[in-house]
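Engineer: Just a sequence and a predicted model for now, questions to come.
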Amino acid sequence: MNADSHADAILAADPARIERALEDIARRSLPGAGITRWGYSQLEREAHELFAAHFRALGLECRTDAAGNTIATLPGTDPALAHLGTGSHLDSVPHGGRFDGIAGSVAAMEVARMLVHAGIRPRRSIRFVAFATEEGARFGQACLGSRMIAGLTSAEDLDALEDRDGVTAADALRGVGLDPACVHEARWHPGEVEAFIELHIEQGGILAASKTPIGVVDVISGSTRLAIDLTGTASHTGGTPMYQRADALAAAAAVVLTAERVANDNRHRGTRISVGKIDVEPGSITTIPGFCRVYVDVRDVDPRRQRDTANEVISAAHSIAQERGVGVTAKLLADTSPVTLPLAVQRHIVDAAASMGLGYRVMPSGASHDTQMIDRVCRGGMVFVPSLNGGVSHAPDEYSLATDIARGTDVLVRALLSIDAASESGWM
């Protein structure tokens with residue numbers, strides 16, 4: 001069966017099923033606004049079990065690897081061929097939305113249902129993956145599950161990553177029944193997987209504003225994350241004259257504004273710098289802050305500019321600290337390079353969209369994704385679907401239409417089958 005006849009046999013993705021799956025997963029959240037489902041938490045494992053149950057109901061094998069990634073497999077007709085893959089993640093940032101990562105995981109669930117119900121057996125086996133702990137909100141390092149698949153994070157690294165409560169990533173794995181000493185077993189071997197395509201919401205407003213249904217990602221931004229500690233002198237707010245103060249928070253504010261100015265200058269077009277969290281001690285309204293930790297996230301599609309910018313922010317922090325009479329240290333929390341995705345996979349996604357008469361736009365991703373890590377061990381690709389509400393993401397107002405996710409899923413399954421139908425040497 002060729003790719004065209006495969007596509008003819010597939011029923012279209014069902015928006016109603018997609019909506020129900022999104023709602024089922026969204027219910028696994030801590031109380032409060034939006035969705036809060038920390039990586040390596042019991043709630044994340046519950047969401048993974050929902051994912052796994054879907055595939056088991058279809059009669060597919062499903063397992064949890066040593067890193068906590070959930071992987072279901074649709075067997076191909078030729079076991080000698082490298083696999084294909086699709087999927088995303090199920091954890092969230094605190095008070096996030098119900099689509100980031102979840103849309104791609106639900107799309108993988110729907111692809112499997114479409115193939116099984118249509119009786120389609122591809123030549124290559126297809127892996128459907130829910131990655132563990134993609135968000136860096138808990139431990140500072142993003143994409144832990146996929147990094148371990150790619151061999152980029154080791155058991156020793158997990159001991160060095162801590163959340164705000166002092167729980168290490170290694171302890172968090174133990175808390176959900178995983179052994180951090182075994183995470184090397186999750187690694188995918190060279191040649192094991194041929195290509196991996198992830199569907200994701202755009203997390204920006206370009207597709208919706210241009211009324212373009214499909215985004216084809218060509219490059220995924222890198223991210224350098226820093227913790228900058230500023231140490232001043234805690235003292236009484238009324239008893240300490242302004243000229244005698246060593247205010248750590250005032251210094252932190254100067255660092256934040258300097259970082260914003262750096263990102264907006266003419267040398268940094270495309271650079272994005274954010275400070276999303278500041279720890280302040282002692283945290284009293286009548287005490288001058290004696291300590292601040294500023295968390296800085298530098299993102300860029302240019303790896304050299306990304307690291308140069310991070311160093312520029314650190315240098316500026318030292319100058320500000322010296323001027324204000326406070327101490328300063330900087331620690332690297334995480335560093336991930338940008339990734340240019342292979343043109344071959346992009347071409348199959350473009351052809352799939354065109355075959356359906358859907359408009360598309362080749363575009364970069366400003367956010368990090370599991371595909372960025374998986375691209376280290378196989379060829380990666382990404383399908384974006386529109387984000388509404390102005391493209392807001394990592395917030396309760398994050399929103400995408402189930403019909404748009406369904407169209408993206410139709411493109412996704414056709415791209416996978418197109419790669420499957422191509423010759424081993426000729427599809428790239």
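Structural biologist: That came through, no problem.

Engineer: what's the spacing between the residue sitting nearest the centre point of the chain and Leu81?
Structural biologist: Nearest residue to the geometric centre of the chain (CA atoms, centre = their mean): His369, 3.4 Å. For His369, the distance to Leu81 (CB to CB, to the nearest Å) stands at 25 Å. From N, CA and C alone the C-beta is placed, and that goes for glycine too.

Engineer: Give me the phi and psi angles of the residue nearest to the centre of the chain.
Structural biologist: Main-chain torsions, His369, degrees, to the nearest 10: phi -150, psi 160.

Engineer: Now do the helix ranked longest in the chain: distance to the chain's middle.
Structural biologist: When the chain is parsed with DSSP state H, its longest helix is helix 303-324. Counting by CA atoms, centre = their mean, to the nearest Å, helix 303-324 is centred 26 Å from the centre of its parent chain.

Engineer: That one - contacts with which helices or strands?
Structural biologist: strand 222-231, helix 248-264, strand 291-300, strand 327-336 (3 or more CB pairs under 8 Å, 6 or more residues apart in numbering; DSSP states H and E).

Engineer: Kindly reformat those as CSV and extend each row with mean pLDDT, distance to Pro180 and mean neighbour count.
Structural biologist: Formatted as CSV, the helices and strands packed on helix 303-324 follow (pLDDT from 0 to 100; distance: least, CB to CB, whole Å; neighbours: other CB atoms under 10 Å):
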stretch, mean pLDDT, distance to Pro180, mean neighbour count
strand 222-231, 97, 21, 22
helix 248-264, 97, 34, 19
strand 291-300, 97, 24, 23
strand 327-336, 95, 18, 17
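
Engineer: now for those, which one comes closest to Phe139?
Structural biologist: Smallest distance to Phe139 across those (CB to CB): 8.7 Å, for strand 327-336.

Engineer: Pull up the pairing partners for that closest one, direction included.
Structural biologist: When pairing is defined by DSSP bridges, strand 327-336 lines up against strand 222-231 (antiparallel).

Engineer: before we move on, back to that, okay, the angle between the longest helix of the chain and strand 327-336?
Structural biologist: Angle, helix 303-324 to strand 327-336, by axes from the mean of the first three to the mean of the last three CA atoms, to 10 degrees: 170 degrees.

Engineer: Between strand 291-300 and helix 303-324, find me the angle.
Structural biologist: Going by the same axes, to 10 degrees, helix 303-324 makes 160 degrees with strand 291-300.

Engineer: what's next to helix 303-324, contact-wise?
Structural biologist: With CB atoms under 8 Å, 6 or more residues apart in numbering as the test, helix 303-324 has contacts from 222-224, 226, 228, 230, 232, 246-247, 250-251, 254-255, 258-259, 262-263, 268, 271, 273, 294, 296, 298-300, 327-328, 330, 335, 337-338.

Engineer: try it again with 6 Å
Structural biologist: Applying CB atoms under 6 Å, 6 or more residues apart in numbering, the external contacts of helix 303-324 come out as 222, 224, 228, 251, 254-255, 258-259, 262, 271, 296, 298, 300, 328, 330, 337-338.

Engineer: Break down the stretch 301-428 of the chain into its helices, ranges please.
Structural biologist: Ranges of helices within the stretch 301-428 of the chain are 303-324, 343-355, 370-374, 402-421, based on DSSP state H, counting those that start in this stretch.

Engineer: Mean neighbour count, the ones you listed: which tops it?
Structural biologist: helix 370-374 (a mean of 29; mean count of other CB atoms under 10 Å).

Engineer: So Thr70 is in contact with Thr64, correct?
Structural biologist: Yes. If you go by CB atoms under 6 Å, Thr70 and Thr64 touch, sitting 5.4 Å apart.

Engineer: anything in contact with each of those two?
Structural biologist: In contact with both Thr70 and Thr64: no residue, using CB under 6 Å, 6+ apart.

Engineer: So between these two, which is more surrounded?
Structural biologist: For Thr70 and Thr64, the more surrounded residue by other CB atoms under 10 Å is Thr70, and the numbers stand at 25 against 19.
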